[in-house]
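Peer 1: Whatever this is, show me its structure:
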Amino acid sequence: MRCSQCGETKLYPGFLEDSGDSSRGDTRWVEGPLQHGVFGGAKRFGRTRWNVEAFRCGNCSHLELFARPR
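Peer 2: As a prediction, the model looks like this:
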């Protein structure tokens, strides 16, 4: 892996914190366009979900995000 901004290969792993109500603490990518349900939340039922992995560039601090299967 390398930074898409400066080309640096030293990327530090980390994560994005999801601190919303009833949060499990991880961020996920959900396939398809955002649609809201009756109560205002995002419709997720039956959609593929991927965990998001974040890496910070050691040179320019740019964040690279990658979606990986659960």
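Peer 1: Residue 24 - how many residues pack around it?
Peer 2: Using other C-beta atoms under 10 Å, residue 24 is surrounded by 8 other residues. (Each C-beta comes from the backbone N, C-alpha and C, glycine too.)
Peer 1: and if you look at residue 68?
Peer 2: For residue 68, the count of nearby residues is 9 (other C-beta under 10 Å).
Peer 1: ok, it touching residue 53?
Peer 2: Yes - assessed by C-beta atoms under 8 Å, residue 68 is found in contact with residue 53 at 5.7 Å.
Peer 1: Extract the C-alpha trace of stretch 53-67 and format it as PDB.
Peer 2: Extracted in PDB, the C-alpha atoms of stretch 53-67 (Å, rounded to 0.1, in the frame of the first residue of the first chain):
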ATOM      1  CA  GLU A  53      -9.900   0.100   7.800                       C
ATOM      2  CA  ALA A  54      -8.100   3.400   8.000                       C
ATOM      3  CA  PHE A  55      -4.400   4.200   7.500                       C
ATOM      4  CA  ARG A  56      -2.500   7.500   8.100                       C
ATOM      5  CA  CYS A  57       0.400   8.400   6.000                       C
ATOM      6  CA  GLY A  58       3.600   8.900   8.000                       C
ATOM      7  CA  ASN A  59       4.700  11.700   5.600                       C
ATOM      8  CA  CYS A  60       1.700  13.900   4.900                       C
ATOM      9  CA  SER A  61      -0.900  12.600   7.400                       C
ATOM     10  CA  HIS A  62      -3.400  11.900   4.600                       C
ATOM     11  CA  LEU A  63      -5.900   9.200   5.600                       C
ATOM     12  CA  GLU A  64      -6.500   6.200   3.300                       C
ATOM     13  CA  LEU A  65      -9.600   4.200   3.800                       C
ATOM     14  CA  PHE A  66     -10.100   0.600   2.600                       C
ATOM     15  CA  ALA A  67     -13.300  -1.500   2.800                       C
END
